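A.B. asks: quick check, what structure comes out for this input:
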Amino acid sequence: MEPFYQPEIFRPLPTKPAVKVQDHYEHPDNREGFSDIITKIHVASNKLNAVPKENVILSVKDDKPESSGRPPKEKLLYVYNVLGESLPKLFVQPLDYTIYHDNMVFEDNIRNIRTVGLYNYVKQVALLRTVGHLKFAFVRFEILKITQHPEDGTVRVRWRITGISTLKVIIQFWKVKLWKYKESSQDTSTSWYDGFSTFVVNEEGKVIKHVADKMMPDSDSVTAEPAPNLNNAKLALMISVIPKFSDIGLFT
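C.D. replies: Next comes the predicted model:
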């Protein structure tokens, strides 16, 4: 009888633990791999490129334009047009105060007065209008010349205030025509003030300063000398012809 054969039990061979792929890159033993060397070289090259070279001046461009303090041409032209239209109506209607800054400065060198603020400026204009109507029966503001200067942001006005006094209206009432004031005032009006104003405009197109200076009339206007009185000339001639009493005594 054959002995009972028991097959040998095969046990599985011990397997090695699976090695993770990331272990080759993490290097738990702090050893550098090839990828680490490449990364370091790449970072070092970027740092070298970021360092400026010697004798190289880095310029930073500022997108914001520098403020010159002068207004643009179109805003200066707008102030020029408003002043040219509103100033001749100073004694008839209020000025256009939208072109003036709230903290504007008014220097009146005619009366040696300086005010700050739009409110005080409005009061000075109202005072001028009131005094003008009290002093004259008819008064007006004339612009002799107005110019704009973009180089310094100013508008300059050569002006004159003329009017007809109440006494002249009473005495020469036949010459004053209310419906033709412009024509009649040329013969009967008198100049009250001759002046020169400088309006300083800022970059926002607002008048920040008004300087008023007293100015004499134009130098080319020559004052005509009064014609000699004919009666005085005749009297002088008669005196020279009539003999003196001392001369008559010589013949007696």
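A.B. asks: strands of the stretch 101-250 of the chain, start to end?
C.D. replies: Counting by DSSP state E, counting those that start in this stretch, the stretch 101-250 of the chain has strands at residues 113-116, 138-149, 154-164, 190-201, 207-214.
A.B. asks: just name the most buried of those strands.
C.D. replies: Highest mean neighbour count of the strands of the stretch 101-250 of the chain: strand 154-164, a mean of 20 (counted as mean count of other CB atoms under 10 Å). Quick note: C-beta positions are derived from backbone N, CA and C, even for glycine.
A.B. asks: quick one: list the elements packing against that strand.
C.D. replies: helix 73-86, helix 118-135, strand 138-149, helix 181-188, strand 190-201 (3 or more CB pairs under 8 Å, 6 or more residues apart in numbering; DSSP states H and E).
A.B. asks: what about the ones you listed, which gets the closest to Tyr100?
C.D. replies: Closest approach to Tyr100 among the helices and strands packed on strand 154-164 is made by helix 118-135 (5.4 Å; CB to CB).
A.B. asks: show residues contacting that closest one.
C.D. replies: 90-91, 95, 97, 100-104, 106, 108, 113, 115, 139, 161, 163, 165, 192, 210 (CB atoms under 8 Å, 6 or more residues apart in numbering).
A.B. asks: now swap in stretch 206-217 and tell me
C.D. replies: For stretch 206-217, using CB under 8 Å, 6+ apart, the contacting residues are 79, 99-101, 103-110, 121, 158, 191, 193-202.
A.B. asks: columns distance to Lys214 and mean pLDDT on top of the helices and strands packed on strand 154-164, output as a markdown table?
C.D. replies: Shown next, in a markdown table, are the helices and strands packed on strand 154-164 (distance: least, CB to CB, whole Å; pLDDT from 0 to 100):
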| stretch | distance to Lys214 | mean pLDDT |
| --- | --- | --- |
| helix 73-86 | 19 | 96 |
| helix 118-135 | 14 | 94 |
| strand 138-149 | 14 | 94 |
| helix 181-188 | 22 | 52 |
| strand 190-201 | 6 | 88 |
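A.B. asks: now distance to Met215 too, for these, in TSV please.
C.D. replies: Putting the helices and strands packed on strand 154-164 into TSV (distance: least, CB to CB, whole Å) gives the following:
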stretch	distance to Met215
helix 73-86	17
helix 118-135	16
strand 138-149	10
helix 181-188	21
strand 190-201	4
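A.B. asks: about what we covered before: tabulate the strands of the stretch 101-250 of the chain in TSV, adding columns for distance to Gly69.
C.D. replies: Converted to TSV, the strands of the stretch 101-250 of the chain look like this (distance: least, CB to CB, whole Å):
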stretch	distance to Gly69
strand 113-116	19
strand 138-149	14
strand 154-164	12
strand 190-201	10
strand 207-214	10
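A.B. asks: right, so of those strands, which gets closest to Pro71?
C.D. replies: Comparing the strands of the stretch 101-250 of the chain by CB to CB, strand 190-201 comes nearest, at 4.7 Å.
A.B. asks: got the angle between the closest one and helix 118-135?
C.D. replies: Put simply, strand 190-201 runs at 170 degrees to helix 118-135, going by axes from the mean of the first three to the mean of the last three CA atoms, to 10 degrees.
A.B. asks: what packs against strand 190-201?
C.D. replies: Short answer (3+ CB pairs under 8 Å, 6+ apart): strand 190-201 packs on helix 73-86, strand 154-164, strand 207-214.
A.B. asks: same list, those, but as CSV with distance to Ile146 please.
C.D. replies: Shown next, in CSV, are the helices and strands packed on strand 190-201 (distance: least, CB to CB, whole Å):
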stretch, distance to Ile146
helix 73-86, 5
strand 154-164, 5
strand 207-214, 14
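A.B. asks: closest one to Lys145 among the ones you listed?
C.D. replies: strand 154-164 (4.1 Å).
A.B. asks: would you list the strands that that closest one pairs with, along with their directions?
C.D. replies: Paired neighbours of strand 154-164 in the sheet (DSSP bridges): strand 138-149 (antiparallel), strand 190-201 (antiparallel).
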